[in-house]
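Enquirer: Show me how the following folds:
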Amino acid sequence: MRDFFKRLLAASEDRKISLNDRLSARMILISVPAGFFGMIVCILAHTHIAAVVITAFLWITIPICYAVLILKGKIKTLVLIMLAALLIFMPLLWLFGGGLYSGMSIWIVYELVLFAASLSGKLELFAHFCTITTFIAAIVIERYTDFHFELATHRDIGVSVVGSVIVAGGTIVYMINYQKMLYRREFEMVENKNSELVVMADKAEKANRAQKLFLANMSHEVRSPMNVVLGFNHLISESSDINEIHDFARNIESAGESLLIIVNDILDFSKIETGKLSIYPAAYNLDELVQMCRSSIELMCRQKGLEFTTGIDPTLPKALFGDKMRLRQCITNLLTNAYKYTDSGSVRLDFINGGISVDHKSVILKVAVKDTGRGISEAQRNEIFTRFQRLDENTNRAIEGTGLGLALTKSILEMMGGTIDYTSEEKKGSEFRIEIRQEIVSSGEAPTVVSPDAYLSHPDSASKFSGMCVLVVDDSSTNLVLMKHLLKQLNVKAVTSTSGLETLERVKNDRFDMIFMDHMMPHMDGIETFRRMKTFEHLNKETPVIMLTANAMSGAEDEYKAEGFAGYLSKPVKLDDIRREMMKVMHKLGSHT
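Expert: Residues are numbered from 1 along each chain as shown. The predicted structure follows:
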């Protein structure tokens with residue numbers, strides 16, 4: 001029973017219904033005890049039995065109607081029933097409850113207040129008109145007919161008046177206070193919502209400013225290297241000095257690499273925003289990861305006059321399982337920032353053992369990047385990992401960057417279950433710390449470490465390529481021209497194909513030593529072409545196929561090799577990349593023969 005009454009009470013406070021309907025429901029609900037005590041007053045004041053029966057009827061009927069209709073959400077119907085009941089029975093109560101010489105006048109006021117609070121518009125005007133009309137009619141009937149009941153004594157009149165003042169007056173006071181409380185609560189909620197909207201608007205404005213600044217930075221970061229590419233390309237076409245041309249070409253190459261970094265950052269940011277950035281864990285060797293991170297920054301530091309050092313905890317397991325390329329990306333971002341914001345002094349990279357699990361199946365890998373650079377002020381620390389945000393834009397305007405690096409690093413680490421933290425002192429330097437759990441790979445499953453430059457320095461690398469004939473498949477004629485010229489420098493003859501169908505015809509008629517296959521081609525892509533090559537007999541059934549694609553996302557190499565490709569190169573490619581991959585493929589073929 002208690003739960004039932006709680007449900008009735010809660011129904012009158014349901015925020016899904018309008019404020020006026022909630023107020024109406026509560027007022028009808030409070031009329032239930034008012035009807036009960038009104039019946040008690042009628043009994044104590046010795047009114048006519050008809051008055052007692054009418055109040056008892058209302059006291060029983062109202063709760064039943066309320067319980068049935070309020071739980072169904074039919075508040076309008078409930079209000080109309082209450083309106084009809086009062087308009088019918090209040091005149092009768094007046095005539096049999098003592099009339100003008102009793103407390104009935106208070107109940108008429110109660111009726112008017114109830115209608116004023118629970119009704120609106122034309123219905124409210126109609127209710128007030130009917131109440132006043134029936135009130136006047138009841139007075140006329142009382143004055144000119146015998147169809148009424150008068151209280152017998154002054155005591156009965158006093159009980160009726162005082163009791164009505166207490167019951168009806170108390171109910172009216174409750175209604176007014178409840179109405180004030182309801183409106184105050186709604187006002188506070190609106191105020192809170194407005195405050196939240198102000199905060200959200202402020203955040204949106206800051207985000208908008210940050211994105212505008214990001215676009216301005218991006219325009220600068222893209223246009224500057226593009227200006228270098230176009231400008232030096234023009235100078236090359238005008239120059240006849242071979243040394244000068246070489247210098248121009250190196251500047252174009254550097255600008256192209258800058259553009260590639262920007263494109264990769266934007267692609268990763270877009271994938272994180274859409275939840276499509278994937279993590280591809282695999283077994284890797286820690287020494288190889290260290291070597292890759294060091295090679296990405298060591299030369300740059302040396303050219304800037306910075307000391308670069310690396311430390312590796314000897315207790316760290318060498319064979320680990322995780323997304324090596326994403327981890328390298330995060331570490332390289334930190335190293336690049338350290339390099340950019342350090343004018344003099346040093347940059348240090350440390351790999352630390354944060355603790356091996358009890359079952360020796362995983363280790364907490366800690367990576368620290370420490371510099372003696374500009375540091376981060378206290379005021380900037382809340383914005384350090386904010387997207388599109390560059391610290392102290394005015395002071396650091398000369399430093400290249402999109403403002404995505406640290407935000408990307410934090411997002412990628414969180415996707416891999418890792419964390420990033422930092423300490424910094426302005427004008428003295430910063431230290432960023434990565435912490436991530438990596439699985440330990442057993443010695444039998446540990447990958448062999450091969451230096452990225454090992455194949456470049458192979459004594460037979462030049463002679464092994466001489467006389468080779470390879471097929472290059474790409475729908476872009478520009479890419480085909482580029483690949484032919486690069487392969488020519490390796491004494492390799494290149495035959496080209498512009499589609500999957502043409503490739504299938506080529507492999508039937510000509511024998512190739514190696515095939516470079518583009519992925520995204522119209523009509524028949526590289527993977528579909530490769531699959532069809534396996535379905536029929538031809539001269540190149542055993543020829544290794546290297547995937548040459550613009551898909552440089554993490555995990556792409558593993559996917560292509562799982563498909564059966566012998567090697568993988570991501571565009572844009574350099575001569576050393578081609579030489580290295582060809583040597584790797586040839587080395588694998590040699591080890592299997």
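Enquirer: Report the distance from stretch 46-56 to the chain centre.
Expert: Chain-centre distance of stretch 46-56: 67 Å, with CA atoms, centre = their mean, to the nearest Å.
Enquirer: Give me the buried stretch members for stretch 561-572, please.
Expert: Neighbour counts over stretch 561-572 (16 or more other CB atoms under 10 Å) mark 565-569, 571 as buried. For the C-beta atoms, the positions are set from N, CA and C on the backbone; glycine is no exception.
Enquirer: Greatest separation within the residues you listed: which pair is it?
Expert: Ala566 and Lys571 (17.9 Å; CB to CB).
Enquirer: Looking at the buried residues of stretch 561-572, which is nearest Ile176?
Expert: Proximity of the buried residues of stretch 561-572 to Ile176 (CB to CB) peaks at Lys571, which lies at 76.8 Å.
Enquirer: So that closest one versus Gly256, what's the distance?
Expert: According to CB to CB, to the nearest Å, Lys571 and Gly256 sit 11 Å apart.
Enquirer: Run through the strands of the stretch 151-300 of the chain in chain order.
Expert: Counting by DSSP state E, counting those that start in this stretch, the stretch 151-300 of the chain has these strands, from start to end: 282-285.
Enquirer: for it, what are the low-confidence residue spans?
Expert: 207, 209-226, 228, 254, 258, 269-271, 273-276 (pLDDT under 70).
Enquirer: Mind doing that once more with 90?
Expert: Along the stretch 151-300 of the chain, segments meeting pLDDT under 90 span 151-154, 156, 160, 164, 167-283, 288, 291-300.
Enquirer: all helices in it, in order from the N-terminus.
Expert: Assigned by DSSP state H, counting those that start in this stretch, the stretch 151-300 of the chain shows helices spanning 154-164, 170-238, 242-273, 286-295, 298-304.
Enquirer: Determine which of those helices approaches Met524 most closely.
Expert: Closest among the helices of the stretch 151-300 of the chain, using CB to CB: helix 242-273, at 25.5 Å.
Enquirer: just the angle between the closest one and helix 170-238, please?
Expert: If you take axes from the mean of the first three to the mean of the last three CA atoms, to 10 degrees, helix 242-273 sits at 160 degrees to helix 170-238.
Enquirer: Packing partners of helix 242-273?
Expert: Where contact means 3 or more CB pairs under 8 Å, 6 or more residues apart in numbering; DSSP states H and E, helix 242-273 is packed against helix 170-238, helix 405-415.
Enquirer: Which neighbouring elements make contact with the longest one?
Expert: The criterion is 3+ CB pairs under 8 Å, 6+ apart, and the helices and strands that helix 170-238 contacts are helix 19-44, helix 104-118, helix 242-273.
Enquirer: got those helices as JSON lines, with distance to Leu487 and mean neighbour count columns?
Expert: What follows is these, written out as JSON lines (distance: least, CB to CB, whole Å; neighbours: other CB atoms under 10 Å):
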{"stretch": "helix 19-44", "distance to Leu487": "78", "mean neighbour count": "20"}
{"stretch": "helix 104-118", "distance to Leu487": "88", "mean neighbour count": "20"}
{"stretch": "helix 242-273", "distance to Leu487": "18", "mean neighbour count": "15"}
